[in-house]
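*Asks:* Sequence and predicted model, in that order:
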Amino acid sequence: MPTTPAQTLNVAVANLQECGPILSVIRLQLDDNWSGSNAALARCESKIDDVRVFVSQACDRLRRLGPELKENEDHLDEVKQLTGNLSQAARRGDDLQQRLEHKQDDLRHARTRITEGEQTIDELKAQLRTANYHIEQLTNAAARQAPPPSPTRLGPSSAGDRPSTDSGFDDGSSAIPADRTRQAIALGLLDTANTEFRRGHYLKADAAFVEVHKMVRQLPNSLQQAFDTSDIAFHRAVCRAETGTNVEAESKLESFLQSHDKSTIRQRAQITHLLARTHVKLGRLDVALEYSCSAVGQWHEIDPSCDQHFDAVALLVRIFHLQVKPLKALAVIDKCPENRKDYVRSKYSNLLSTVAVQATGGRMPPTQPDAPRPGVGGGRPPRLQVPSTARPRPGAGSIVSGTTNTSTATKRAERYKQLPLLFRMALT
């Protein structure tokens, strides 16, 4: 180690001389790096200028495309609106197509029924012509073979000179064979009409019942007793309710209630139920509700477990639905047996009030106003007056007349009096 300052200085100089070349190399490397950095910075600045030019051009293009984009957005909105309108129109077209198909099916069904009715009428006419031919032959034969009439004795008989016990009423024994033959033909035709009625062929049955009615009117009174004219009228009314127009059905059903006092309670109950259904179709829901309550009460008195009773209850439920009173409909359904609730709920689910449907373009309105009756001025129809013979006993099946001064609640209570107790408790 150096011990003197001079030696130390010499060592330092030697070291510096040795570091000189190394420092020179380092300086050269720094010069090269600096020059490369400057070149890289220059390139970056050039690229930045290019980017600025490109961004400027892009901004100019965006400014020019702004109005075009706005127009395209407006066009897209119009296209969306047109697409929505086309979708609605397509749905409406589908609905109209379905309604048209249903109408076409109804027309085809009606044509089929009309054709069957015409064929039945032709067959009945042929049978009547044959029957009339046989009747004429029998009448001519009876006229040729009939003995001359014997004189009538007015005095006492020769048997002990006792007075005659003849009451003066004809028991049918004096009827000519032609009338007997006509009666037999009418009875056979009546059996045919009843068979067609039970099968649900109401057009054929109605035509047969009409011919039976005509033939019965041509018979002597003694031979007419073999026919129940009230029963024939009942079947004709039911056939007209099933096949005729609503106005024809209403006229025929009301005529039966007013004209046939000796009809059975089952017949009156069935006619009352059909009247309720007819008034629903005519849009007279208040009148239909009165008849429906009456029909439910009558069938409940007859047999609360029969199918006709639950048919009447199902119609009552449907009327409440059409009047937009679902709570009352549910209250009635809840009082039915469990195995009958689905039947009551679905029996008349497709029954519509046609007048209201036509007035609203196919949509059921929230309320069902009463339609005026034919021949009566506008406004609410007059209360229907049912003959006393068609009214059941007060308490479970009669149509209550009411007065115009009673309140709506009072009228409703009087109307519900016709229902069985369990339904009255549910509705009041």
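*Replies:* Nice, I can see it.

*Asks:* other SSEs contacting the helix or strand hosting Gly36?
*Replies:* Element membership for Gly36 (DSSP states H and E) is helix 5-145. Here helix 5-145 touches helix 177-198, helix 202-217, going by 3 or more C-beta pairs under 8 Å, 6 or more residues apart in numbering; DSSP states H and E. Every residue, glycine included, has its C-beta placed from N, CA and C.

*Asks:* Could I get the average pLDDT for it?
*Replies:* The average pLDDT for helix 5-145 rounds to 78.

*Asks:* before we move on, the earlier item: who wins for proximity to Val79 among the helices and strands packed on helix 5-145?
*Replies:* helix 202-217 (55.2 Å; C-beta to C-beta).

*Asks:* counting contacts, what elements does that closest one pack onto?
*Replies:* In terms of contacts (3+ C-beta pairs under 8 Å, 6+ apart), helix 202-217 is packed against helix 5-145, helix 177-198, helix 229-243.

*Asks:* need the next SSE after the last one, C-terminal direction.
*Replies:* Toward the C-terminus, helix 229-243 is succeeded by helix 246-259 as the next helix or strand (DSSP H and E).

*Asks:* right, and the helix or strand after that next one?
*Replies:* Using DSSP H and E, the first helix or strand after helix 246-259 is helix 265-281.

*Asks:* What is the neighbour count of Arg198?
*Replies:* By other C-beta atoms under 10 Å, 9 other residues sit near Arg198.

*Asks:* what pLDDT does it get?
*Replies:* Arg198 carries a pLDDT score of 92 in this model.

*Asks:* returning to what we had before: using TSV, please lay out the helices and strands packed on helix 5-145 together with distance to Glu290.
*Replies:* Shown next, in TSV, are the helices and strands packed on helix 5-145 (distance: least, C-beta to C-beta, whole Å):
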stretch	distance to Glu290
helix 177-198	28
helix 202-217	26
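
*Asks:* which of those helices sits most buried?
*Replies:* Of all the helices and strands packed on helix 5-145, helix 202-217 has the most neighbours on average by mean count of other C-beta atoms under 10 Å, namely a mean of 21.

*Asks:* Quick one: distance of it to the chain centre.
*Replies:* Distance of helix 202-217 from its chain centroid, counting by C-alpha atoms, centre = their mean, to the nearest Å, is 31 Å.

*Asks:* just stretch 48-57 next, same as before
*Replies:* Centroid separation for stretch 48-57 versus its chain: 74 Å, with C-alpha atoms, centre = their mean.

*Asks:* swap in stretch 258-273?
*Replies:* On C-alpha atoms, centre = their mean, the centre of stretch 258-273 falls 26 Å from the chain's centre.

*Asks:* Same question for stretch 321-328.
*Replies:* Averaged C-alpha coordinates place stretch 321-328 at 15 Å from its chain's average position (C-alpha atoms, centre = their mean).

*Asks:* got the angle for the helix or strand containing Ala312 vs helix 265-281?
*Replies:* Using DSSP H and E, Ala312 sits within helix 307-322. Interaxial angle, helix 307-322 versus helix 265-281 (axes from the mean of the first three to the mean of the last three C-alpha atoms, to 10 degrees): 20 degrees.

*Asks:* what helices or strands is helix 307-322 leaning on?
*Replies:* helix 265-281, helix 285-302, helix 326-334, helix 338-346.

*Asks:* Reformat the ones you listed as CSV; add mean pLDDT and mean neighbour count.
*Replies:* Formatted as CSV, the helices and strands packed on helix 307-322 follow (pLDDT from 0 to 100; neighbours: other C-beta atoms under 10 Å):
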stretch, mean pLDDT, mean neighbour count
helix 265-281, 93, 24
helix 285-302, 92, 25
helix 326-334, 90, 15
helix 338-346, 91, 14
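
*Asks:* Alright, I will stop here.
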